[in-house]
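>>> show me how the following folds:
(chains A and B)
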There are 2 protein chains.
Amino acid sequence: MKVEIWFEFASTYSYLTVSRAEDLLQRAGLDYEWKPFLLGPIFRDKGWETSPFVFDEIKGAYMWRDMERRAERYGLPFVRPQKFPVNSLLAARIMTAALGHSWCSGFAREVFAAQFARGEDISDPDVLTHALEKHVSDPRRWVDLAQSDYVKGELRTRTETAKDIGLFGAPSFRVGDELFWGDDRFEDAIAWAVKAGID
Amino acid sequence: MKVEIWFEFASTYSYLTVSRAEDLLQRAGLDYEWKPFLLGPIFRDKGWETSPFVFDEIKGAYMWRDMERRAERYGLPFVRPQKFPVNSLLAARIMTAALGHSWCSGFAREVFAAQFARGEDISDPDVLTHALEKHVSDPRRWVDLAQSDYVKGELRTRTETAKDIGLFGAPSFRVGDELFWGDDRFEDAIAWAVKAGID
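Residues are numbered from 1 along each chain as shown, chains lettered A, B, ... in the order given. Prediction:
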């Protein structure tokens, strides 16, 4: 059974998931689908102007320490970027334009590495262009395509779907009707999909 | 190195932790300390009148489903009690009075099982007395002791300490200065303590 990976480029824990997703899913022999979406509109519906990791300082301090430990556990480099959370709109739009192309997973990993392994600002189009350069010969065309009405609408619709199916954080996983929230539920989601495929 | 287990009797995920703690810690050869505390005062400091699983219905719905899955994974029975969250004050006070006695772990497990395996209301003194009966010959004396100024003060002080060290949810674990939040970080806390003991 297919695993949908709902992620947000501004989300720290999404970095952990996206960095290890292909390896885990291929080993489990599972099909998967990237679902880039925006948490901003979901947070705003709750009356939140920013991430709870910013307005709840105690929880935020814990998250940064927890991220250090979890990244180390997975052998991933991790730095705390100066800006958090960043505006991830263009990154999510480029990913949306790239969905279905074999290089889109590599692009997503590259954007997360820029932000959380090297501390770069991924709201900067140059950083995204640089990530695209590693995968395509015409990065400008992809940045333009990402800002087409069609791609903008696709991302907006996907974010609405995220609300409709009850997502409230990232990363989240959907396997059939089953929802899992958090990088620490990724293995549970995989086990669920494997079991559903056998039953 | 010792693992401190900070838990709240009204907390669903604390049920998972308390039910499996002794087994996990004994297998790891680790010393541990129960730290019953109250989340209410910590939530009230944030302006919350109840659990986020109540006022955030979407997150609440997810939590109940997640609890079903996690309990099944651990082989624990689980029902959703009619009242949530319950007033856990008396339970926490009895546990505080019982700390240091060999039967206190069994009492804690029993109270959680009453609430989340059988759906009983643990704010009812009779339910707590019944849990005590399995471990002591004079349950009334323990209920009285639990309401002494000394025990009340101990629980109040421990809850203040929880705030001071940056706890914001339950269960949480402290190993030296390292904090871990959530039943899904219990194994990480244990691994940390084992490693700290070797280094």
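
>>> for chain B, what's its nearest residue on chain A.
A:Asp184 (4.8 Å; CB to the nearest CB). No exception for glycine: its C-beta is placed from N, CA and C like everyone else's.

>>> list the contacts for that residue?
A:Arg70, B:Gly182, B:Asp184, B:Arg185 (CB atoms under 8 Å, 6 or more residues apart in numbering or on different chains).

>>> residues from chain A in reach of chain B?
A:46, A:56, A:58-59, A:61-62, A:65-66, A:69, A:73, A:166, A:168, A:179-182, A:184-185, A:188 (CB under 8 Å from any CB of the partner chain).

>>> what subset of these is buried?
A:Lys59, A:Tyr62, A:Asp66, A:Gly166, A:Phe168, A:Leu179, A:Phe180, A:Trp181, A:Gly182, A:Asp184, A:Arg185, A:Asp188 (16 or more other CB atoms under 10 Å in any protein chain shown).

>>> contacting residues for the first one?
It stands for A:Lys59. Here A:Lys59 is in contact with A:Pro52, A:Phe53, B:Phe168 (criterion: CB under 8 Å, 6+ apart).

>>> what's the lowest-pLDDT member of these?
The member of these with the lowest pLDDT is A:Pro52, at 92.

>>> spatially nearest residue to that one, not counting backbone neighbours?
A:Lys59 (6.2 Å; CB to CB, 6 or more residues apart in numbering or on different chains).

>>> then the one you found would be within a strand, right?
No - checked against DSSP: H, G, I helix; E, B strand; the rest coil, A:Lys59 lies outside a strand; its state is helix.

>>> pLDDT wise, what is it at?
For A:Lys59, the predicted pLDDT is 96.

>>> buried set for stretch A:181-199?
So for stretch A:181-199, counting by 16+ other CB under 10 Å, buried means A:Trp181, A:Gly182, A:Asp183, A:Asp184, A:Arg185, A:Phe186, A:Asp188, A:Ala189, A:Ile190, A:Trp192, A:Ala193, A:Val194.

>>> in helices only, show me these.
Judged by DSSP state H, helices contain the following of the buried residues of stretch A:181-199: A:Phe186, A:Asp188, A:Ala189, A:Ile190, A:Trp192, A:Ala193, A:Val194.

>>> how much space between the fourth one and A:Asp183?
A:Ile190 sits 12 Å away from A:Asp183, taking CB to CB, to the nearest Å as the criterion.

>>> check contacts around A:Ser14.
A:Phe7, A:Glu8, A:Phe112, A:Ala170, A:Pro171, A:Asp183.

>>> in space, what's closest to it - neighbours in sequence excluded?
That would be A:Phe7: by CB to CB, 6+ apart, it lies 4.0 Å from A:Ser14.

>>> my guess is the one you found contacts A:Leu39, does it?
No - proximity of A:Phe7 to A:Leu39 does not meet the contact threshold set by CB atoms under 8 Å, at 9.7 Å.

>>> quick one, grab the pLDDT at the residue of chain A closest to chain B.
97.

>>> next: the one 10 residues further on.
At A:Val194 the predicted local confidence, pLDDT, stands at 96.

>>> name the helix or strand for A:Trp6, please.
Per DSSP states H and E, A:Trp6 falls inside strand A:3-7.

>>> for whichever helix or strand comes after that strand, buried residues please.
Downstream of strand A:3-7, the next assigned helix or strand under DSSP H and E is helix A:12-27. For helix A:12-27, burial by neighbour count (16+ other CB under 10 Å) applies to A:Thr12, A:Tyr13, A:Ser14, A:Tyr15, A:Leu16, A:Thr17, A:Val18, A:Ser19, A:Arg20, A:Ala21, A:Leu24, A:Leu25.

>>> how about stretch A:44-63?
By 16+ other CB under 10 Å, the buried positions in stretch A:44-63 come out as A:Ser51, A:Phe53, A:Lys59, A:Tyr62, A:Met63.

>>> chain center to that stretch: distance?
From the chain centre to the centre of stretch A:44-63 is a distance of 18 Å (CA atoms, centre = their mean, to the nearest Å).

>>> show me the residues of chain A next to chain B that map onto strands.
Counting by DSSP state E, these place A:Leu179, A:Phe180, A:Trp181 in strands.

>>> point out where chain A drops to low pLDDT.
Applying pLDDT under 70 to chain A flags residues A:199.

>>> repeat that for 90
For chain A, the stretches flagged by pLDDT under 90 are A:1, A:197-199.

>>> show me the helices in it, by range?
A:12-27, A:40-45, A:52-55, A:57-73, A:89-98, A:104-116, A:125-133, A:139-146, A:149-164, A:186-198.

>>> between helix A:125-133 and the fifth one, find me the angle.
I take that to be helix A:89-98. Orientation check (axes from the mean of the first three to the mean of the last three CA atoms, to 10 degrees): helix A:89-98 against helix A:125-133 gives 20 degrees.
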